[in-house]
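K.L.:
Need a 3D model of the sequence below.
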Amino acid sequence: MIDDILAAMDRGELIPYLGPDVLALAGASAPPSSPEALVAQLTAAATVPHKIRNNLTAAAQFIENFKHRKTIVAVMTKAFAVDAEPSDFHKWLAARPKLPLLVNAWYDDLLQKALKVRDNWGIAQGASQSEHFGEWVQYYRPDGSNIPGVERIQDGSGAKAPADAPEETLKWSTLLYQPLGGVSPGGNFIVSDSDYVEVLTEIDIQTPIPEAVQSIRRGKSFLFVGCRFANQLERSFARQIMKRSSDRHWAVLPGTPTKNEERFLAEQNIARIDMSVEDFVAKLTAGAAGSPELASIA
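P.N.:
From the prediction side, this is the model:
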């Protein structure tokens with residue numbers, strides 16, 4: 001499978017999809033690398049009922065309801081705006097010559113830092129409807145400047161429709177997509193129950209998915225690293241982001257998968273790699289170093 005993954009990468013047909021567990025590769029200075037670690041920081045900053053103290057989305061919703069949305073944004077920003085360097089794996093991915101799309105399904109900015117070595121790239125982040133009503137995606141250039149969406153009107157109704165993507169975003173050679181938002185540049189966070197309800201209400205018809213993502217993913221294979229698919233939110237986002245892509249994918253999923261994970265992998269034709277993230281990354285990068293096509297940049 002390593003050879004197949006590297007071959008797809010060499011053809012520009014692989015989309016890495018990173019989850020929170022990848023942050024463990026960045027060392028002790030990295031931001032929270034799991035929902036459990038993140039909810040611990042939220043509940044340390046605000047009192048939350050005991051029964052939801054370990055539930056990230058419910059705890060965030062409680063704080064938003066009783067403390068204000070600004071409290072959530074402040075705590076999330078503090079958790080992820082840390083002085084952490086990208087891991088070697090982040091840097092290795094960013095240096096691949098054919099990398100049309102990267103998905104980072106967490107809130108950190110380590111891939112942004114790693115991508116500074118590239119030209120002609122940009123960022124698309126999911127946005128909370130409580131802060132950007134009617135705007136599902138925020139677009140940014142590498143320097144952090146925002147690119148406004150192109151407004152349009154619903155046919156015949158006179159109401160505003162979700163904004164079209166700015167034309168320049170469709171021309172980037174590399175797009176970093178953060179469906180849950182991100183600490184940088186705009187401090188967008190999809191984290192509370194209401195945030196997810198808004199997105200999931202529309203995601204089946206692809207409204208929150210950027211146009212460039214929908215275009216790039218056609219015929220591509222996804223490589224999931226540092227992700228789990230144990231709960232409905234994780235599966236729903238992965239399913240909708242990889243919609244209309246190829247019929248061959250991979251996921252690094254160490255340990256015994258849950259029944260729901262097994263069903264999801266079978267449903268989406270995702271081959272499971274039973275290996276720790278650390279061991280997989282070591283084998284992947286070693287394989288690239290031995291590949292004639294990738295040797296010069298491995």
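K.L.:
could you pull out the strands for the chain?
P.N.:
Assigned by DSSP state E, the strands in the chain fall at 14-18, 101-104, 121-126, 137-140, 146-147, 150-153, 160-164, 174-178, 181-182, 188-189, 221-225, 249-252, 270-273.
K.L.:
Format those strands as JSON lines; extra columns: distance to residue 36, mean neighbour count and mean pLDDT.
P.N.:
C-beta coordinates here come from the backbone N, C-alpha and C atoms, glycine included. What follows is the strands of the chain, written out as JSON lines (distance: least, CB to CB, whole Å; neighbours: other CB atoms under 10 Å; pLDDT from 0 to 100):
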{"stretch": "strand 14-18", "distance to residue 36": "18", "mean neighbour count": "25", "mean pLDDT": "98"}
{"stretch": "strand 101-104", "distance to residue 36": "19", "mean neighbour count": "25", "mean pLDDT": "98"}
{"stretch": "strand 121-126", "distance to residue 36": "22", "mean neighbour count": "25", "mean pLDDT": "96"}
{"stretch": "strand 137-140", "distance to residue 36": "27", "mean neighbour count": "24", "mean pLDDT": "94"}
{"stretch": "strand 146-147", "distance to residue 36": "32", "mean neighbour count": "15", "mean pLDDT": "92"}
{"stretch": "strand 150-153", "distance to residue 36": "40", "mean neighbour count": "11", "mean pLDDT": "58"}
{"stretch": "strand 160-164", "distance to residue 36": "33", "mean neighbour count": "14", "mean pLDDT": "56"}
{"stretch": "strand 174-178", "distance to residue 36": "20", "mean neighbour count": "24", "mean pLDDT": "97"}
{"stretch": "strand 181-182", "distance to residue 36": "19", "mean neighbour count": "26", "mean pLDDT": "97"}
{"stretch": "strand 188-189", "distance to residue 36": "17", "mean neighbour count": "26", "mean pLDDT": "96"}
{"stretch": "strand 221-225", "distance to residue 36": "19", "mean neighbour count": "24", "mean pLDDT": "98"}
{"stretch": "strand 249-252", "distance to residue 36": "19", "mean neighbour count": "23", "mean pLDDT": "98"}
{"stretch": "strand 270-273", "distance to residue 36": "23", "mean neighbour count": "19", "mean pLDDT": "97"}
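K.L.:
Just put the ones you listed in JSON lines and tack on distance to residue 43.
P.N.:
As requested, the strands of the chain are exported to JSON lines (distance: least, CB to CB, whole Å):
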{"stretch": "strand 14-18", "distance to residue 43": "25"}
{"stretch": "strand 101-104", "distance to residue 43": "24"}
{"stretch": "strand 121-126", "distance to residue 43": "23"}
{"stretch": "strand 137-140", "distance to residue 43": "28"}
{"stretch": "strand 146-147", "distance to residue 43": "32"}
{"stretch": "strand 150-153", "distance to residue 43": "39"}
{"stretch": "strand 160-164", "distance to residue 43": "34"}
{"stretch": "strand 174-178", "distance to residue 43": "24"}
{"stretch": "strand 181-182", "distance to residue 43": "20"}
{"stretch": "strand 188-189", "distance to residue 43": "16"}
{"stretch": "strand 221-225", "distance to residue 43": "28"}
{"stretch": "strand 249-252", "distance to residue 43": "29"}
{"stretch": "strand 270-273", "distance to residue 43": "33"}
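K.L.:
Quick one, which of those strands gets closest to residue 65.
P.N.:
Residue 65 lies closest to strand 188-189 among these, at 15.5 Å (CB to CB).
K.L.:
Each with direction, which strands does that closest one pair with?
P.N.:
The strands beside strand 188-189 in its sheet (DSSP bridges) come out as strand 181-182 (antiparallel).
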